[in-house]
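1. what shape does this take:
(3 chains)
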Amino acid sequence: MAADRLTVVGRAVPRLDARDKVTGAARYVSDLALPGLAHARVWRSPVPHARIIETLTERAAAAPGVLAVCAAADLPVKRLYFGPAYRDQPILAHEVIRYAGEPVVAVVADTERHAQAALALVDVRYEELPAATSAEQALAGNASLIHPEIERAGHFRDLSGLRPIPGTNVCQHYAYQRGDLAHALEDADLVVEGVYRYPALSHHALEPHCVVARVDGDGLTVWATTQHPFPVRRELADVFDLPLAAVQVVVPLIGGAFGGKCYTKTEPLAAALAARVRRPVRLALSMEENARTITRHAVSVVIKTAVTRDGTLLARECDVVLDTGAYADIGPRVATKAGYRAPGPYRIPTLRIDAKCVYTNNVPAGAYRGYGVPQVTWAGESQMDVIAERLGLDPLALRLKNLLKRGEEYVAGDTPIDGDLAEGLEQTARAVGWTAPLARGRGRGLACAMKDGGGTHSTSTAIVRINADGSVDVLAGSVEAGQGIRTALAQITAETLGVPFASVVVAAPDTSVTPYDWGTSASRSTTIMGLAVQEAARDAREQVLILAATLLDAEASMLTIRDGAIAHGDRAMTVAEVISGHYGLVGGEVTGVGSFVPGKSSGSLGGATVFWESGMGAAEVDVDRETGAIELLKYISAADVGQAINPRECAAQDEGAAMQGIGPALFEARVNDAGQLVNPGLIDYRVPAFTDLPPTLETVLIENADGPGPFGAKGVGESGTFCVAPAIGSALTQATGVRLTELPMTPERVWRALRDAERGSLPPTLK
Amino acid sequence: MKEIAMTVIVNGDKHDLTVPPHETLIECLRDRLGLLGVKKSCDVQVCGTCTVLLDDRPVSACTVLAFEARGRSVRTIEGLARGDDLHPVQEAFVEHGALQCGFCTPGMIMATVALINENPRPTADEVKHYMRGNICRCTGYKRILEAILDASRRMSGASAGNGR
Amino acid sequence: MLRPFELSEPTSVAEASELLARHGDAARIYAGGTELILVMKEGLVHYEHLVNVKTIPGLAGVRLDAGTLRLGAATSHRARERDPLVRQHFPAVARMEADVANVRVREVGTLGGNLCFAEPHADPGTLLQVFDATARIEKKGSARTIPLEGLFVGPFETCLEGDELLTEIVVPPLPSRSAAAYLKFGFLERPSVGVAVAVTLDDGHVADARIAVGCVGPVPRRMREAEAELRGKPRTETGAALATAGRIAGRAADAITDLHGSAEYKEHLVGVLLRRAWDQALAAIDGSPRR
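-> Numbering: from 1, shown residues only, chains lettered A, B, ... in the order given. Just a heads-up that it's a prediction; the model follows:
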């Protein structure tokens, strides 16, 4: 639909939750209080690998206010192990401790203070074991198996084909090949090889994980900071051997997620404790505990690219190793996706991809905004610029030459490219002033990347209810984590129904009320839940028009709803009047249902990509050569959103994503010392602050209405993280001649590289 | 252990409380007075999520002890709007899209109020410096900066002095 | 969460000192609490008894006494950041205070608390030493004054006896034709390297050079060997001397490798910041009217 005929979609309407959030009225899980609420605290392992000898809980159990002290054996559960890919993670450590920070004993007391005091009385005897605290160590020939046996979870269709390597710590091995590698390497005029490293990161959403669980006669209710209420419901149903209908997961607003709240985390523990003490239990993690619960995958990429003299890509080999920590979490899917996305958005006839998801005795790694793309893009796009340098080509021209065009296939059988990547990159280059003269000592870099967006084999269902007064309830399971999905769904509903935006309310996800949704991740909600909501709105609209047709004595096909009313000749009725007129009282409702069911297709991932989420980035930097500090002057980000449902929120998401890319590019990283997380909290883990905002931070939204979502929309929100590091890295190289291959590009690392280059200990990288 | 009897004015309302010395201001505001708009996040004074105004000065409620508010006035996010009328800073945040998940927002707004109170027309660099201790993980700060500059423009146009 | 403790609120130094003596290791002075409450919340330490010194009259405040700056130990960073007397007469101090931590810590945290907590990654202790600042230390019945440098014994360790309080920092003015500058390199939340200089010129020569380095090693201290490299030199010929002084100061700082960086890098930064602070100080002298 042409943008100028849209009345609410495409407008920067204020967020539905803005007022509540600026007045302090917004309620998050951590604000929830229930009568009789008890409080849980967790005793965590101080060592990365150990055999549990015994847990001594009597002293803690006797402490004031304590209701229960539980080790694994004390939990009233039918299944101790959970996980979205493998059921490998125990609710509390069982026989073996596999990472420093792992929950071993839980204390429940009448107040948080009592629980904390009792925690100090818990004693755990253990025998330390050698730990593999890096993927390299875990892959070594003599490494012991962290999980000698693992059980597949069977929760997700795309994870039904898991391929661990038996006898190793590799819990997922993704491999893909096409073309003739030997030939391509022979034909190449230039072959470049490099090793790139991306660190583990902490999500550090400002709201730490919090769960309130209550067990009663009907079953189990859990209020949780989760992006995946329905998968969590399923997991809890398995853990307690309950039917899905007896498990309720409710998610009010959550204070940021970025993937750290994906899948099941602390919900089973809170629920088990609630069952044990027969009172509602609140388990609220601190920020440090959060960092010991989930992390981003640290990734190393060995990448090799073969190219002809004129810059045509012939072949790419990517060996990707991901440190998934002690438990797989969703690591197998991240590894698969990282491998799949490693080649970059280019036309490359020959590929060899190998991705390994490796168990280690580190904190479990899982979903994190970008989902493997930032890590592999750091490697792939840095190497593109190495190629450009070596061939004497402009980095922009090299990319334009090889970028996939609309309609071309990325991988045989998968959805062809649905956007104009070259347009995005050219706009980005223009916005940064790519061809403008550069002040002395400065540098510019650019990069592009894409991911198969929307999730694989996911489904969403929605209900749109038109009440008797014409107001509308949207029941959708999408979680509002700040990305603005509730507002977008309300806009889609209002536009589709033809009712005022102000009349639409979007409910909070509640698995007992809002119908099934796969989850809020993978940039899928605007597109997939949006389509479900749109279909539900259409369903409701058609029903109203049929009722109106009778009341107005007209043909339904001749009627439309505009501004909440239906006009026919000189007569008009509001939607409210139609519904009341039909029911004969001021009551009743019209209920529309819609769903999105994934298409069946083959392709390397076993499912067709819903849309391609592409991102471009360009940076201009100055470098303080004495300290090595990189000063980011300009960063331009481009996101192809198809049709922005709310342009302001799209741009805001992209800016936030870019800042989340700036962090690990320049200073943000977890520091792991032999399995110990040295910087769990914000004093020693630096997240971007106000002073890191560059003088110019701009987002370009590409809108060609060519997405599969409502009104031509695509997903947005992750692509801003993709390109920041390689764009800055290449800008650094242009400014100084040095190239770093490990993130973050801290001042010290830059200084060392400059000093080594000066001393001649590095080969020159610039002709 | 001796508890401390105190009178404190919170958002204009007088409260007579008795608090143990170890109670933090955030515990007092949230758990005793039900002011759930004061959010707890890093708990180590870095993120600014718990920022409240103590006699118009921005402090970390997570680390200031509750008894330190005796005889003083505290202002939280709940005390900004006048009924349905939002404070200009709140309005600016809404208009500029300076919030996403909203968890940092109450603290961010309170710090902004303190900033503009002290420096009615800050430059962008002054804003960045003053607000350095308020972390946002969602927005990337650009729109927050724009909201703050806009609010300061509006407020210096509309009124002089420290009223709000 | 904080474990319970008793709070005393003395109204005199003598009373405070008595309380400290009585409770021994179980007691600690409590001022702003920005460091102390933090480590108590984290469970790293616990004190059964906190002695609130903010209730002692006269312990906070900024006074200029015949050109000498007298800073009450319980004065907040922000008070010093914003005080007109400090800004006018000791601008480097005001600027340094403006960059400490974040605005909330500055509102509540005190000079005495900062110095006595002796966290190595801090700012005031470094800059104040180039003013030859002294610390007034009192207990019941007596008082002593020591050079500020002597306060710091090790990381989180001062020379204070169990019953002593830091009550005042006295900052003498620099001679005429002098200026001070403080530069720090921040990578994490707390500063990584801090270098302070105070330069006095006399007829185109460096009459006095004072250098202090903090954050890098266990304590902030004066770098007298480095200072000697610069004293007496013509101001236009300090290039080589500054480089040498930087190397000497870097090595003397006892840098440790930690999350902030390697010892080698920190030593290098000492030299860089020294030269830059020096240039800033000279520019300040040149820019100000001849006194």
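2. CA only for contacts and neighbour counts going forward, please
-> Will do.
3. quick one, what contacts residue 121?
-> Just going to use chain A. A:57, A:59-60 (Cα atoms under 8 Å, 6 or more residues apart in numbering or on different chains).
4. nope, chain B
-> With Cα under 8 Å, 6+ apart, residue B:121 has these contacts: B:149, B:152-153, B:156.
5. and it, what pLDDT?
-> On pLDDT, residue B:121 comes in at 97.
6. same check on residue C:291?
-> With respect to pLDDT, residue C:291 has a value of 42.
7. Provide a PyMOL selection command restricted to the buried entries of the contacts of residue A:121.
-> Only the buried members of those enter the following PyMOL selection, criterion being 16 or more other Cα atoms under 10 Å in any protein chain shown:
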select buried, chain A and resi 57+60
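8. just to be sure, residue C:145 is in a strand?
-> Yes: assessed by DSSP: H, G, I helix; E, B strand; the rest coil, residue C:145 belongs to a strand.
9. is it in a bridge, and if so with what?
-> When bridges are assigned using DSSP bridges, the partners listed for residue C:145 are residue C:136.
10. tally of neighbours for it?
-> Neighbours of residue C:145 under the rule other Cα atoms under 10 Å in any protein chain shown: 14.
11. separation between it and residue C:165?
-> 12 Å (Cα to Cα, to the nearest Å).
12. please enumerate the shared neighbours of the two.
-> When contacts are counted by Cα under 8 Å, 6+ apart, the set common to residue C:145 and residue C:165 consists of residue C:137.
13. okay, residue A:267 and chain B: tell me how far apart.
-> Here the distance between residue A:267 and chain B works out to 20 Å (Cα to the nearest Cα, to the nearest Å).
14. my read is that that residue contacts residue A:209, right?
-> No: shown here, residue A:267 and residue A:209 do not form a contact pair, counting by Cα atoms under 8 Å, at 9.7 Å.
15. for the two, list the residues in contact with both.
-> The contact sets of residue A:267 and residue A:209 overlap at residue A:224 (Cα under 8 Å, 6+ apart).
16. quick check, pLDDT for the residue of the stretch 51-200 of chain C found nearest chain A.
-> Of all residues in the stretch 51-200 of chain C, residue C:189 sits closest to chain A, at 5.3 Å by Cα to the nearest Cα. The model reports residue C:189 with a pLDDT of 91.
17. ok, now the one 3 residues further on?
-> Listed pLDDT for residue C:192 reads 96.
18. over to residue A:82?
-> Residue A:82 carries a pLDDT score of 97 in this model.
19. mark out where each domain of chain A begins and ends.
-> What the record gives for chain A is the domain set A:36-129+A:209-284, A:377-455+A:611-758, A:458-596, from automatic domain parsing.
20. need those domains in TSV with distance to residue B:15, can you?
-> As requested, the domains of chain A are exported to TSV (distance: least, Cα to Cα, whole Å):
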stretch	distance to residue B:15
domain A:36-129+A:209-284	24
domain A:377-455+A:611-758	34
domain A:458-596	34
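21. if I pick residue 156, what's in contact with it?
-> Chain wasn't specified; assuming chain A. A:84-85.
22. the chain in question should be chain C.
-> C:116-120.
23. excluding its backbone neighbours, what's nearest it?
-> Using Cα to Cα, 6 or more residues apart in numbering or on different chains and skipping residues adjacent in sequence, the residue nearest residue C:156 is residue C:118, 4.4 Å away.
24. contacts only, for that neighbour.
-> Residues in contact with residue C:118 (Cα under 8 Å, 6+ apart) are C:152, C:154-158, C:219.
25. residue C:182: which of these is nearest?
-> residue C:219 (16.4 Å; Cα to Cα).
26. report how many residues lie close to that closest one.
-> For residue C:219, the count of nearby residues is 28 (other Cα under 10 Å).
27. and the residue sitting nearest the centre point of chain B, how far is that from chain C?
-> If you average the C-alpha coordinates of chain B and look for the closest C-alpha using Cα atoms, centre = their mean, you land on residue B:110, 2.5 Å from that point. Remark: distance between residue B:110 and chain C (Cα to the nearest Cα) = 11 Å.
28. can you give the distance from stretch A:440-460 to the centre of its chain?
-> Its chain's C-alpha centre and that of stretch A:440-460 lie 13 Å apart, by Cα atoms, centre = their mean, to the nearest Å.
29. and that stretch, what's buried?
-> Under the neighbour-count criterion of 16+ other Cα under 10 Å, stretch A:440-460 has A:442-460 buried.
30. repeat that for stretch A:559-576.
-> Residues of stretch A:559-576 classed as buried under the neighbour-count rule (16+ other Cα under 10 Å) are A:559-568, A:573-576.
31. restricted to strands, list the residues you listed.
-> Among the buried residues of stretch A:559-576, the members falling in strands are A:561-562, A:565-568, A:573-574 (criterion: DSSP state E).
32. for those, which one is nearest chain B?
-> residue A:562 (26.7 Å).
33. so that closest one sits against residue A:495, correct?
-> No: the criterion here is Cα under 8 Å, and residue A:562 misses it with residue A:495 at 9.2 Å.
34. can I get the buried part of the contacts of residue B:121 as one PyMOL selection?
-> Those of the contacts of residue B:121 that meet the burial criterion (16+ other Cα under 10 Å) are gathered into one PyMOL selection, given here:
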select buried, chain B and resi 149+152+153
